[in-house]
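[1] Make a model of this:
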Amino acid sequence: MPRPTYIAAIDQGTTSSRCIVFDRTGNIISVAQREHRQIFPRPGWVEHDAAEIWESVQLVLAEAVGGVDGEIAALGITNQRETTVLWERDTGRPVCLAIVWQDTRTAPLTHALAEHEALFKERAGLPLATYFSGPKIRWLLDEHPGLRERAERGEVLFGTMDSWLLWNLTGRHVTDVTNASRTMLMNIHTLAWDDDLLAAMGVPRAMLPEIRPSAEVYGRTGDGVPVAAALGDQQAALFGQTCFDPGETKSTYGSGSFLLMNTGDRPVVSRNGLLTTVGYQIGDTPATYALEGAIAVTGSLVQWLRDNLGLISSAAEIETLAKTVPDNGGCYFVPAFSGLFAPHWRSDARGVIAGLTGFVTKGHLARAVLEATAWQTREVVDAMNADAGLGLTTLRADGGMTADNLLMQTLADVLAVPVIRPMVAETTALGAAYAAGLATGYWPDLDSLRANWHKAAEWRPEIGEAAREREYRNWRKAVARTLDWVDEQEFQQ
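    The predicted structure is shown next:
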């Protein structure tokens, strides 16, 4: 009798690396996870050790696959996007610590590039922001003597985390269209590196990976397993939620939160602070595009409450603490730790806790932390409805924070639509597995993936319109108080 076959997915995230093994119905067979360090050398700076991450990926891959009685038919990769790694071609060693997507050190550079803003918006589909990889590459080349010359000779290579893992797993220097679309260097219309964008950003072409579709066999591991998919984490979640038709929308709740809407085979340029991005590309088929609203700090705010303030000892405790009070007690928390992302794009903003009185307890603060995720989602949904000309009817939610039932109910209340959690909440890894399975024939087509999607829970709005809008007004007042905290002189330093 033949041994069963499975698909494995590496999910290299902002705070941890995981490997999850799925069966043909999309159910989880095995999982392993390991956290890695968050390095904060200065205010606004966030770094990772890429060598440490590769070591953690090897460990979780061995652990997850080792616990399975069967064969691994293919391996997919999904990753934190925009985090920038530079390494030596000859040795494979990183030349410096990786700059994480949350990092804001490139704010002066993005201000200096303002004359090119229309070019980046038109060709890359992105605003000038510290979020993306291009400014991070430029900063490293400017700040490390001799590095630019080595990059121009192709001795130093750039990659986001997918490229770093693919290099170590297969020896190929490649990336996929979804990750490339987050660099500010790829033309979203041609799906190729753009000479004008490279010139404006000051990044040498010789250091860039080859751009490939999201689902194809890139190479094989040392054990002969095909590495057959790579997608940025939010695009992978869109795929894992089977949002294959225009208008279908998902939101993933992890360290940050990201709402994506499938817009079909043509990019839609946002007029309301959203990003135009590549959703996925399967083999030689045309790319599918998406609108995205990116929120920098949601789940990481819960970690901050745990690690920096010590108000809870585990992330799961926040729901219990928040339930000790019936409401937020007039307290609002805007976690603009790295500025505000969509739809504001204000790198000058910094976090505030507003509305504090002597009445407020740690329970109110915990509830305000959860509500911050919901209100930030509301801002993005309003922008997306305006751009797409559609009204959101349901929200498919996934990611680790969906285990918090109070948060899910709060989302339904502030969005005034049902919130649905799928049976498999880890849709980021599932999307990478689905793409790898499609590339290798493990699954025959998109319909077979749709058949795997099942609803696990649903939350419906329970508050009235007057209360919802009153709270939203208060939230927006709190947001206004985060702005202009970092002044122009600090950006120029």
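[2] What about Ala429? Give its phi and psi, please.
    phi -60, psi -40 (degrees, to the nearest 10).
[3] ugh, wrong one, Ile318
    Dihedral angles for Ile318 - degrees, to the nearest 10 - are phi -60, psi -40.
[4] what's around it, how many residues?
    By the criterion of other CB atoms under 10 Å, Ile318 has 25 neighbours. C-beta coordinates here come from the backbone N, C-alpha and C atoms, glycine included.
[5] again, but for Arg150
    There are 20 residues near Arg150, going by other CB under 10 Å.
[6] So which residues of the stretch 51-200 of the chain form helices?
    For the stretch 51-200 of the chain, helices defined by DSSP state H, counting those that start in this stretch occupy the ranges 107-112, 117-119, 133-143, 147-152, 161-170, 177-180, 195-201.
[7] Export those helices to CSV and append columns for distance to Ala236 and mean pLDDT.
    Below are the helices of the stretch 51-200 of the chain laid out as CSV (distance: least, CB to CB, whole Å; pLDDT from 0 to 100):
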stretch, distance to Ala236, mean pLDDT
helix 107-112, 27, 92
helix 117-119, 29, 92
helix 133-143, 17, 96
helix 147-152, 29, 96
helix 161-170, 10, 97
helix 177-180, 8, 97
helix 195-201, 25, 97
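[8] mind checking which of those helices is nearest Lys323?
    Lys323 lies closest to helix 161-170 among these, at 36.2 Å (CB to CB).
[9] and that closest one, how far from the chain's centre?
    Distance of helix 161-170 from the chain centroid (CA atoms, centre = their mean, to the nearest Å) equals 18 Å.
[10] Quick one: mean pLDDT over the host helix or strand of Ala8.
    Per DSSP states H and E, Ala8 falls inside strand 5-12. Average pLDDT, strand 5-12: 96.
[11] Could you list the paired strands of that strand along with their orientation?
    In the sheet, strand 5-12 lines up against strand 16-22 (antiparallel), strand 71-79 (parallel) (DSSP bridges).
[12] Return the most buried member of these.
    Greatest average neighbour count among the strands paired with strand 5-12 goes to strand 71-79 (a mean of 26), per mean count of other CB atoms under 10 Å.
[13] CA atoms of that one as CSV?
    Output in CSV follows, covering the C-alpha atoms of strand 71-79 (Å, rounded to 0.1, in the frame of the first residue of the first chain):
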residue,chain,number,x,y,z
GLU,A,71,5.8,11.5,1.9
ILE,A,72,6.1,15.3,1.3
ALA,A,73,5.0,15.9,-2.3
ALA,A,74,6.1,19.6,-2.3
LEU,A,75,7.1,22.5,-0.2
GLY,A,76,5.7,26.0,-0.4
ILE,A,77,7.1,29.2,1.2
THR,A,78,5.2,32.2,2.6
ASN,A,79,7.0,35.1,4.3
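[14] so that strand versus helix 161-170, what angle?
    Calculated by axes from the mean of the first three to the mean of the last three CA atoms, to 10 degrees, strand 71-79 forms an angle of 150 degrees with helix 161-170.
[15] For the stretch 151-300 of the chain, which segments count as strands?
    Ranges of strands in the stretch 151-300 of the chain, per DSSP state E, counting those that start in this stretch, are 156-159, 174-176, 186-187, 192-193, 210-212, 215-220, 226-232, 249-253, 257-264, 275-280, 288-295.
[16] Next secondary structure after the helix or strand containing Thr428?
    Element membership of Thr428, judged by DSSP H and E, is helix 427-440. As assigned by DSSP H and E, the chain's next helix or strand after helix 427-440 is helix 446-450.
[17] ok and the strand holding Ala8 relative to strand 226-232, angle-wise?
    40 degrees.
[18] Do a quick rundown of the helices in the stretch 201-350 of the chain.
    Going by DSSP H, counting those that start in this stretch, the stretch 201-350 of the chain shows helices at 233-240, 299-307, 317-322.
[19] how about the ones you listed in CSV, adding distance to Val46 and mean pLDDT?
    Converted to CSV, the helices of the stretch 201-350 of the chain look like this (distance: least, CB to CB, whole Å; pLDDT from 0 to 100):
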stretch, distance to Val46, mean pLDDT
helix 233-240, 16, 93
helix 299-307, 10, 91
helix 317-322, 22, 94
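[20] so which of the ones you listed is the most packed in?
    helix 233-240 (a mean of 32).
[21] how close does the residue nearest to Val100 when sequence neighbours are not counted sit to Gly355?
    Nearest non-adjacent residue to Val100, counting by CB to CB, 6 or more residues apart in numbering: Val46, 4.0 Å away. Relative to Gly355, Val46 is positioned 28 Å away (CB to CB, to the nearest Å).
[22] picking up where we left off before, which strands and helices lie in contact with the helix holding Thr428?
    In terms of contacts (3 or more CB pairs under 8 Å, 6 or more residues apart in numbering; DSSP states H and E), helix 427-440 is packed against strand 5-12, strand 16-22, strand 71-79, strand 215-220, strand 226-232, helix 233-240, strand 249-253, helix 446-450.
[23] on that earlier part again, Val46 and Gly355 - which one has more neighbours?
    Remark: of Val46 and Gly355, Val46 carries more neighbours, 23 against 17, as counted by other CB under 10 Å.
[24] closest one to Lys455 among the strands paired with strand 5-12?
    The nearest among those, by CB to CB, is strand 16-22 at 18.4 Å.
[25] residues contacting Gly330?
    355, 357, 359-360, 364, 474 (CB atoms under 8 Å, 6 or more residues apart in numbering).
[26] before we move on, what about Ala180?
    Contacts of Ala180 by CB under 8 Å, 6+ apart are 186, 191, 193, 209, 211, 278.
[27] Redo those as TSV? Include distance to Val419.
    Formatted as TSV, the contacts of Ala180 follow (distance: CB to CB, whole Å):
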residue	distance to Val419
Met186	33
Leu191	34
Trp193	39
Pro209	37
Ile211	35
Val278	26
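[28] and the gap between the closest residue to Trp87 other than its chain neighbours and Tyr332?
    Once flanking residues are discounted, Trp87 sits nearest to Pro94: 4.8 Å by CB to CB, 6+ apart. Per CB to CB, Pro94 is found 40 Å from Tyr332.
[29] now Gly171
    50 Å.
[30] now swap in Gly219 and tell me
    Taking CB to CB, one finds Gly219 at 49 Å from Tyr332.
[31] Between these two, which is the more surrounded one?
    Higher neighbour count among Gly219 and Tyr332: Tyr332, with 22 against 15, using other CB under 10 Å.
[32] Excluding residues flanking it in the chain, which one is nearest the more buried one?
    Tyr332 sits nearest to Ala478 (CB to CB, 6+ apart), 4.0 Å away.
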